[in-house]
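Participant: pasting the sequence and the predicted coordinates here, then a few questions.
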There are 2 protein chains.
Amino acid sequence: MTTIGIVIFDDVEELDFVGPWEVFGAARAMIEKAEAPGVAPWRVHLLAETGGPIRCAKGMRVLPDATLAESSALDVVLVPGGMGTRREANNQGLLAWLREVAPRCTFVTSVCTGALLLHEAGISRGRRVATHFNFVEPLRARGANVAENVRYVQDGNLISAAGVSAGIDMSLWLVGQLVDPRFARKVQRWIEYDPKPPYADVAI
Amino acid sequence: MTTIGIVIFDDVEELDFVGPWEVFGAARAMIEKAEAPGVAPWRVHLLAETGGPIRCAKGMRVLPDATLAESSALDVVLVPGGMGTRREANNQGLLAWLREVAPRCTFVTSVCTGALLLHEAGISRGRRVATHFNFVEPLRARGANVAENVRYVQDGNLISAAGVSAGIDMSLWLVGQLVDPRFARKVQRWIEYDPKPPYADVAI
């Protein structure tokens, strides 16, 4: 069993965690259907401090699957971003939980300003991280080693993505590491992730 | 006020609706911050038949903002896909609601297999639509005019996207139509939608 825990909190940015949730969830479903022969089952769940609804940054309300305390051992932990990270950066309970969980994970990951929480927990200190482009300087001001103009960064088992939608690319990359690149391409195909942002050729 | 209603139902695919939700929600927030001078406020909400939690296709539980009956007049209606569409295609209450709402919308939109519901409601009959690549033939078998190998299709005020992640591209395009392309690029920048799917150069 490979267990992936995605941490959510009030004012978490919706796509920061639902992009990875979709990628990992599609991988889990395809493994269940034996599309990755020999690969052990995956479990993907949303974890929060309490069991009640989380109100996300853009107003969506989501129910967590389990509390942090109930969480079983994780192979991957993912910390999304959003305005709520500014508050959670001072949440000693959450930071202590991250410090306890991270050393036992195969991969410790963040999306967007989730990198702030890994930094404040002391997990990413000295290691190279990515974050939202608007948060590069604020995170550097706290002493972090922040890469710019990258989609996601690997530093050992620490993988951090740039802002919001970059979590999709990072999660597909992780599927390739946890299973293999061929399977990651199948997941990419299933979610039809052949992106074509509009207005690319419009002079504005 | 521009009001966008996103319809959700059990077994709706998570990224089908959260991708557009993020794009429209970021646009709404930027309009609130006067980043699109002169543009009237936006409202974006999740609509469901009842007020209780919706269990999505990959297991995420989301609370709707209002019921279909409570919904105010919509400028844009968005119908996402997911396995639940096979059941909802026979939900006469939902289909009747779509038939009532669609003629008053500036844009009627779908993502992925959401096109099935617009088809069964009779809204897209004869008009060109996109859907998930796995659903092209089943939708054609029902008599629909389905485009292939496209990210999204416009046929008058009917805009339909291909599978899952294609809703992000379609929603950014819609922001450009509802406001202007320059603003759509600002929203794209804010969600850092400069996608780089991994393993693109790996021979597998």
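Facilitator: Received the coordinates, thanks.
Participant: pull the top helix by length along chain A out as PDB, backbone CA atoms only.
Facilitator: In chain A, with assignment by DSSP state H, the single longest helix is helix A:14-32. Taking C-alpha atoms only, helix A:14-32 is exported to PDB below (Å, rounded to 0.1, in the frame of the first residue of the first chain):
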ATOM      1  CA  GLU A  14      -8.500  24.900  -4.300                       C
ATOM      2  CA  LEU A  15      -6.500  23.900  -7.400                       C
ATOM      3  CA  ASP A  16      -3.300  23.600  -5.300                       C
ATOM      4  CA  PHE A  17      -4.700  20.400  -3.800                       C
ATOM      5  CA  VAL A  18      -7.300  19.300  -6.200                       C
ATOM      6  CA  GLY A  19      -4.900  19.100  -9.100                       C
ATOM      7  CA  PRO A  20      -2.700  16.600  -7.200                       C
ATOM      8  CA  TRP A  21      -5.800  14.900  -5.800                       C
ATOM      9  CA  GLU A  22      -7.000  14.300  -9.400                       C
ATOM     10  CA  VAL A  23      -3.600  13.000 -10.600                       C
ATOM     11  CA  PHE A  24      -3.100  10.700  -7.600                       C
ATOM     12  CA  GLY A  25      -6.800   9.700  -7.600                       C
ATOM     13  CA  ALA A  26      -6.700   8.700 -11.300                       C
ATOM     14  CA  ALA A  27      -3.500   6.800 -10.700                       C
ATOM     15  CA  ARG A  28      -5.100   5.000  -7.700                       C
ATOM     16  CA  ALA A  29      -8.200   4.100  -9.800                       C
ATOM     17  CA  MET A  30      -6.000   2.800 -12.700                       C
ATOM     18  CA  ILE A  31      -4.000   0.700 -10.300                       C
ATOM     19  CA  GLU A  32      -7.200  -0.800  -9.000                       C
END
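Participant: and the strands in chain A?
Facilitator: The residue ranges that make up the strands of chain A, judged by DSSP state E, are A:2-7, A:42-48, A:54-55, A:61-63, A:66-67, A:76-79, A:107-111, A:128-129, A:145-146, A:152-155, A:158-161.
Participant: rewinding a little: list the buried ones in the longest helix of chain A?
Facilitator: Neighbour-count burial for helix A:14-32 flags A:14-31 (criterion: 16 or more other Cβ atoms under 10 Å in any protein chain shown). For glycine as for every other residue, the C-beta is placed from the backbone atoms N, C-alpha and C.
Participant: circling back: which among the strands of chain A is found nearest to B:Val79?
Facilitator: Of all these, the one in closest proximity to B:Val79, counting by Cβ to Cβ, is strand A:61-63 (20.5 Å).
Participant: helices or strands next to that closest one in the packing?
Facilitator: With contacts defined as 3 or more Cβ pairs under 8 Å, 6 or more residues apart in numbering or on different chains; DSSP states H and E, strand A:61-63 has these neighbours: strand A:54-55, strand B:61-63.
Participant: please tabulate the ones you listed in a markdown table, including the columns mean pLDDT and distance to B:Phe107.
Facilitator: Formatted as a markdown table, the entries for the helices and strands packed on strand A:61-63 read as follows, by pLDDT from 0 to 100; distance: least, Cβ to Cβ, whole Å:
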| stretch | mean pLDDT | distance to B:Phe107 |
| --- | --- | --- |
| strand A:54-55 | 98 | 28 |
| strand B:61-63 | 98 | 23 |
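Participant: reformat these as TSV; add distance to A:Leu78 and mean neighbour count.
Facilitator: What follows is these, written out as TSV (distance: least, Cβ to Cβ, whole Å; neighbours: other Cβ atoms under 10 Å in any protein chain shown):
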stretch	distance to A:Leu78	mean neighbour count
strand A:54-55	15	18
strand B:61-63	18	20
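Participant: dump those strands to CSV, plus distance to B:Asn134.
Facilitator: As requested, the helices and strands packed on strand A:61-63 are exported to CSV (distance: least, Cβ to Cβ, whole Å):
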stretch, distance to B:Asn134
strand A:54-55, 32
strand B:61-63, 24
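Participant: spatially central residue for chain A, please.
Facilitator: With the centre of chain A defined as its mean C-alpha position, the nearest residue by Cα atoms, centre = their mean is A:Leu78, 3.7 Å away.
Participant: thinking it is in contact with A:Ile4, fair?
Facilitator: Yes. Taking Cβ atoms under 8 Å as the contact criterion, A:Leu78 and A:Ile4 are neighbours in contact, 6.8 Å apart.
Participant: about what we covered before: near chain B, which of the buried residues of helix A:14-32 show up?
Facilitator: With respect to chain B, and counting by Cβ under 8 Å from any Cβ of the partner chain, the subset of the buried residues of helix A:14-32 in contact is A:Glu14, A:Leu15, A:Val18, A:Gly19, A:Trp21, A:Glu22, A:Gly25, A:Ala26, A:Arg28, A:Ala29.
Participant: tell me which of these is nearest to B:Phe133?
Facilitator: Nearest to B:Phe133 among those, with distances taken as Cβ to Cβ, is A:Ala26, at 13.9 Å.
Participant: so the closest one touches A:Trp190, yeah?
Facilitator: Yes. Under the criterion of Cβ under 8 Å, A:Ala26 lies in contact with A:Trp190, with a separation of 5.3 Å.
Participant: what's the overlap in contacts for those two?
Facilitator: Taking Cβ atoms under 8 Å, 6 or more residues apart in numbering or on different chains as the criterion, A:Ala26 and A:Trp190 do not both touch any residue.
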